[in-house]
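In: got a sequence here, can you model it:
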Amino acid sequence: MQLDIDFVRAQFPAFAEPALRGQAFFENAGGSYACGAVIDRLGRFYRERKVQPYGPYEASRLAGEEMDEARDRLAAMLGVETDELSFGPSTTANTYVLAQAFRQYLKPGDAIVVTDQDHEANSGPWRRLEGEGIEIREWKLDPATGHLPLERLEALLEGRVKLVCFPHCSNVVAEVNPVAEIAAMAHAVGAVVCVDGVSYAPHGLPDVGALGADIYLFSAYKTYGPHQGLMVIRRDLGMKLPNQAHFFNAESLCKRFTPAGPDHAQIAASAGMADYIDALAAHHGGAGRDAKGRAALAHDLMRAHETRLLQPLLDHLAARNNLRLLGPRRAEGRAPTVAVLADAKGEDLARALTAEGIMAGGGTFYANRALQAQGVDLDHGVLRLSFVHYTSEAELDRLIPALDRVL
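Out: Next up is the predicted model:
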């Protein structure tokens, strides 16, 4: 089944916005357009329900119900229990809070495995624990390909490894890592895994239960929603780690790792993400499926569309001898986030593309370690072109000649 791109784009008000007309958006890895359902829910909340939720009066009761609805529906789509999903101000903040919990939980001499393929959000907070006597072991990527070899991980899993942190896919390498296989390797030695899904989830919500991830983090503002960080932490692990919230919230798993007050409106608006996935699945014949099945159908439609559009771009870039394409050259094994190193600085190329009606990004994208490990000068940076399932074939057809002109 092929994705109905006209239906998809009709769900995103940005495509009808005069201010954006004539521009093709290729910096989705920095944040996606919000779908109409999210925008509608956010506006309604601010108009009708901007009160303290969970009170006895009607506006308050409805506000609380909408917040609960977001958690209920998204947890079901992710294949986890409702209270295993929590919301925070960002994935970076959620990871920092988690690291503080592990700081209290782990003992000196325990080890954490991190990678140099990660966005700094899933690397820096863990590395800082070295100052608390925790051993930090780095799983290094292959500098020629950006790939994380499993045999290198195997050599790091000896001894007192308690936690393995890695990305579902990198925001500059984009190779989709085998999460289930990595999780099985870690679990075999008694370690748990923390997966940064920020760069993968926009291409379809994963079945976290099937992946075997103990912790899975991603960002709503990159999955067509508001600026929130979503975190799955499985119950057994979550209740072992020290509470990071108010003492009276210690027994509530979905509150234990959110010390700041929740953003009521944005959490409620996140239910619009589920609205969109349901609408997409129903339009493509999946209305009779359960929540996880609808999310799986949406995932597969998104990935198939993106893969079909991505391969010609990869082929075109790989054929040029005046740039370096980072990551895999086959679309099936990667996300449509494409980083290229050229003679000109990444920021300069992104700026030049604006005259072509192309919105792209240039720089390091908080992936300094990954770029340095692949020999990229951080002051020079890379050009990043990233798209998602609402990107059209016509926009790719515009991008390739525009790239040729600026390169």
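
In: longest helix in the chain, please.
Out: For the chain, the helix with the greatest residue count under DSSP state H is helix 291-319.

In: for it, packing partners?
Out: On a contact count with 3 or more C-beta pairs under 8 Å, 6 or more residues apart in numbering; DSSP states H and E, helix 291-319 meets helix 58-78, helix 271-283, strand 323-325, strand 337-342, helix 393-406. (Each C-beta comes from the backbone N, C-alpha and C, glycine too.)

In: and those, which is most packed in?
Out: For these, the largest average neighbour count (mean count of other C-beta atoms under 10 Å) is found in strand 337-342, namely a mean of 24.

In: okay, now the domains of the chain?
Out: When the chain is parsed with automatic domain parsing, its domains come out as 5-34+291-406, 42-274.

In: would you turn these into JSON lines with mean pLDDT?
Out: What follows is those, written out as JSON lines (pLDDT from 0 to 100):
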{"stretch": "domain 5-34+291-406", "mean pLDDT": "98"}
{"stretch": "domain 42-274", "mean pLDDT": "97"}
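
In: can you map out the strands along the chain?
Out: 24-25, 85-88, 111-115, 135-139, 161-167, 192-196, 215-219, 229-233, 323-325, 337-342, 358-359, 361-363, 382-386 (DSSP state E).

In: closest to P53 out of those?
Out: strand 85-88 (12.9 Å; C-beta to C-beta).

In: elements contacting that closest one?
Out: Partner elements for strand 85-88 (3+ C-beta pairs under 8 Å, 6+ apart): helix 58-78, helix 91-105, strand 229-233.

In: out of the ones you listed, nearest to A402?
Out: Of the helices and strands packed on strand 85-88, the one closest to A402 (C-beta to C-beta) turns out to be helix 91-105, at 31.3 Å.

In: and that closest one, what does it pack against?
Out: strand 85-88, helix 124-127, strand 192-196, strand 215-219, strand 229-233.

In: okay if I get these as TSV plus mean neighbour count and distance to S60?
Out: As requested, the helices and strands packed on helix 91-105 are exported to TSV (neighbours: other C-beta atoms under 10 Å; distance: least, C-beta to C-beta, whole Å):
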stretch	mean neighbour count	distance to S60
strand 85-88	24	19
helix 124-127	20	35
strand 192-196	25	35
strand 215-219	26	28
strand 229-233	26	24
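
In: TSV for the strands of the chain, including distance to L309?
Out: Listed next are the strands of the chain as TSV, based on distance: least, C-beta to C-beta, whole Å:
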stretch	distance to L309
strand 24-25	12
strand 85-88	31
strand 111-115	28
strand 135-139	31
strand 161-167	23
strand 192-196	25
strand 215-219	22
strand 229-233	26
strand 323-325	16
strand 337-342	11
strand 358-359	15
strand 361-363	18
strand 382-386	12
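
In: P259: which of those strands is closest?
Out: strand 85-88 (9.0 Å).

In: sheet-wise, list the partners of the closest one with their directions.
Out: If you go by DSSP bridges, strand 85-88 pairs up with strand 229-233 (antiparallel).

In: hmm, who's touching the partner strand?
Out: The contact list for strand 229-233, computed with C-beta atoms under 8 Å, 6 or more residues apart in numbering, reads 74-75, 78, 80, 84-94, 98, 208, 213-220, 253, 257, 270.

In: thinking again about what came up before, right, so of the helices and strands packed on strand 85-88, which gets closest to L349?
Out: With C-beta to C-beta as the criterion, L349 lies closest to helix 91-105 of the helices and strands packed on strand 85-88, at 26.7 Å.

In: give me the number of residues near F248?
Out: Residues contacting F248 under the criterion other C-beta atoms under 10 Å number 9.

In: about what we covered before: how far out from the middle of the chain is the longest helix of the chain?
Out: Taking C-alpha atoms, centre = their mean, to the nearest Å, one finds the center of helix 291-319 at 16 Å from the center of the full chain.

In: rewinding a little: could the helices and strands packed on helix 91-105 go into JSON lines alongside distance to R103?
Out: Converted to JSON lines, those look like this (distance: least, C-beta to C-beta, whole Å):
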{"stretch": "strand 85-88", "distance to R103": "17"}
{"stretch": "helix 124-127", "distance to R103": "9"}
{"stretch": "strand 192-196", "distance to R103": "14"}
{"stretch": "strand 215-219", "distance to R103": "15"}
{"stretch": "strand 229-233", "distance to R103": "16"}
